[in-house]
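here are the coordinates; sequence isn't available:
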């Protein structure tokens, strides 16, 4: 079995894989030695991969060293896709993982993976497994926070449900209409651009906010949760 750990900007996400089957996943604001030890008591891990946006704690490095194969993902890690990116050293681990997951899930297809999390990321892998990059823009919560932070009177909105109105008749509804409508318009716009150059195109939505937009876009899409975890698992299997 494989243990996959993704330490992101907001949450730590863990996944337990038996081959490509995600048997268990869990999210937490902070990872502790006790929690990992308890998980290790439930499953027998042979391989482990960690992706982190910050320095790896010494205790976690020691913990993963016990496995037959352990990887701390960085720019030198071998990938099952070819990276055609001008600055590969600056490419985020989440985008590497999404590219690998998209290519493995839809082999022989042009795939656009859109991650809706802290940021919105667009990642394009062609049918030959060449990764070209994409785009990054502020995510839902970041947009709400920005409107509150950089204005004097707009409230902090924490709406976490789909919004279908476009004509806000209160300040709260005006903000939610502008932010969510802006994201929907952005998504449709960029999808159209990618389709014009990489047709036919498979479109995948993933990330914590994907469920807020997956049914409101004009384009046909696949909504697949935990794509980063699946991509990290593909990278681990490719190296192990």
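Great, that's in hand. Values in this document were obtained by computation on a predicted structure and should not be read as measured data. Numbering: from 1, shown residues only.

okay, now the unreliable bits of this protein?
Regions of the chain meeting the criterion pLDDT under 70 are absent.

map the structural domains onto the sequence of it.
Per the record, the chain has its domains at 1-72, 76-240, by automatic domain parsing.

so of the ones you listed, which one's packed in deepest?
domain 76-240 (a mean of 18; mean count of other CB atoms under 10 Å). Backbone N, C-alpha and C define where each C-beta goes, glycine included.

end-to-end on it?
15 Å (CA to CA, to the nearest Å).

any idea how far it is from the chain center?
Between the centre of domain 76-240 and the centre of its chain there are 7 Å (CA atoms, centre = their mean, to the nearest Å).

in the protein, spot the helix with the most residues.
With DSSP state H applied, the helix covering the greatest number of residues in the chain is identified as helix 171-197.

which elements pack onto it?
With contacts defined as 3 or more CB pairs under 8 Å, 6 or more residues apart in numbering; DSSP states H and E, helix 171-197 has these neighbours: strand 110-116, strand 119-125, helix 140-149, strand 201-206.

rerun at 6 Å
Using 3 or more CB pairs under 6 Å, 6 or more residues apart in numbering; DSSP states H and E as the contact criterion, the elements in contact with helix 171-197 are strand 201-206.

all helices of the protein, in order?
Counting by DSSP H, the segments of the chain that form helices are 33-42, 58-64, 93-105, 140-149, 171-197, 227-239.

reformat the ones you listed as TSV; add distance to residue 24.
Formatted as TSV, the entries for the helices of the chain read as follows, by distance: least, CB to CB, whole Å:
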stretch	distance to residue 24
helix 33-42	8
helix 58-64	17
helix 93-105	18
helix 140-149	26
helix 171-197	31
helix 227-239	10
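
out of the ones you listed, nearest to residue 49?
Nearest to residue 49 among the helices of the chain is helix 227-239; the distance by CB to CB comes to 4.1 Å.
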